[in-house]
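>>> How does the following fold in three dimensions:
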Amino acid sequence: MHDHILAMWSHNKRLYIRNSKMSYPIADYISDGSQLIEQMLESWGPRFEQLNISEKMWLLSYVIGHMTAEESEHYKPSEIDDCVSLAGERMSSLSFRQQIDLAKALIYQIENSNYS
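The predicted structure is shown next:
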C-alpha cells in the first residue's frame, strides 16, 4: 500500500511540476538575451507556443548537436567512456516519457555543474 501511495505522489508531483513550469516564458530560462533569442520569441511566442512538439524536439536536438559538434571547454569527446556510448545506442529501449525524464535530469546536472 505504501508503495502505491508513494507512486501516486511521485506521479502527481511530476504532473504538478510539468504543468506549473509550462507557464514560464522561455526567456525565464535564458541568462542573457541575444538577437536570435529575441527573434525566436517574436516569431514563436514567449513560450514557443507556435511550435509543435516535433519542432521543439528538432530544435532541442539541434542545440545539443551544436554544443557537441566539436571539442570545447565544456565538451571533450575524448572523455566519453565506451559504456556511455553503448548506453546511448540503447535509447530506443526507453519509453518517450523516460527519454524526456532522462534529458531533463542530464540538463539539470549539466546546468548545475561547475562550468564557466
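
>>> okay, CA-based contacts and neighbour counts for the rest of this
OK.

>>> what about the helices in this structure?
Under the criterion DSSP state H, the chain contains helices at 2-21, 35-44, 53-67, 82-89, 96-111.

>>> could the ones you listed go into CSV alongside mean neighbour count?
Below are those laid out as CSV (neighbours: other CA atoms under 10 Å):
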stretch, mean neighbour count
helix 2-21, 11
helix 35-44, 12
helix 53-67, 12
helix 82-89, 10
helix 96-111, 12
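
>>> what about the ones you listed, which gets the closest to Tyr75?
Among those, helix 53-67 comes nearest to Tyr75, with 7.6 Å by CA to CA.

>>> one step back: return the member of the helices of the chain having the minimum mean pLDDT.
Note on these: lowest mean pLDDT is at helix 2-21, with a mean of 53.

>>> Distance to Lys76 for the helices of the chain - can I get that in a markdown table?
A markdown table is the format used below for the helices of the chain (distance: least, CA to CA, whole Å):
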| stretch | distance to Lys76 |
| --- | --- |
| helix 2-21 | 32 |
| helix 35-44 | 26 |
| helix 53-67 | 11 |
| helix 82-89 | 14 |
| helix 96-111 | 14 |
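
>>> Which stretch among the ones you listed approaches His74 most closely?
helix 53-67 (8.7 Å).

>>> could you dump that closest one to CSV, C-alpha only?
Extracted as CSV, the C-alpha positions of helix 53-67 are listed here (Å, rounded to 0.1, in the frame of the first residue of the first chain):
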residue,chain,number,x,y,z
ILE,A,53,6.3,19.0,-30.4
SER,A,54,8.2,17.8,-33.4
GLU,A,55,9.7,21.3,-34.0
LYS,A,56,10.6,21.7,-30.3
MET,A,57,12.3,18.3,-30.3
TRP,A,58,14.2,19.1,-33.5
LEU,A,59,15.3,22.4,-32.1
LEU,A,60,16.5,20.8,-28.9
SER,A,61,18.4,18.2,-30.9
TYR,A,62,20.0,20.9,-33.0
VAL,A,63,21.0,22.9,-29.8
ILE,A,64,22.6,19.7,-28.3
GLY,A,65,24.2,18.8,-31.7
HIS,A,66,25.7,22.3,-31.9
MET,A,67,27.1,22.0,-28.4
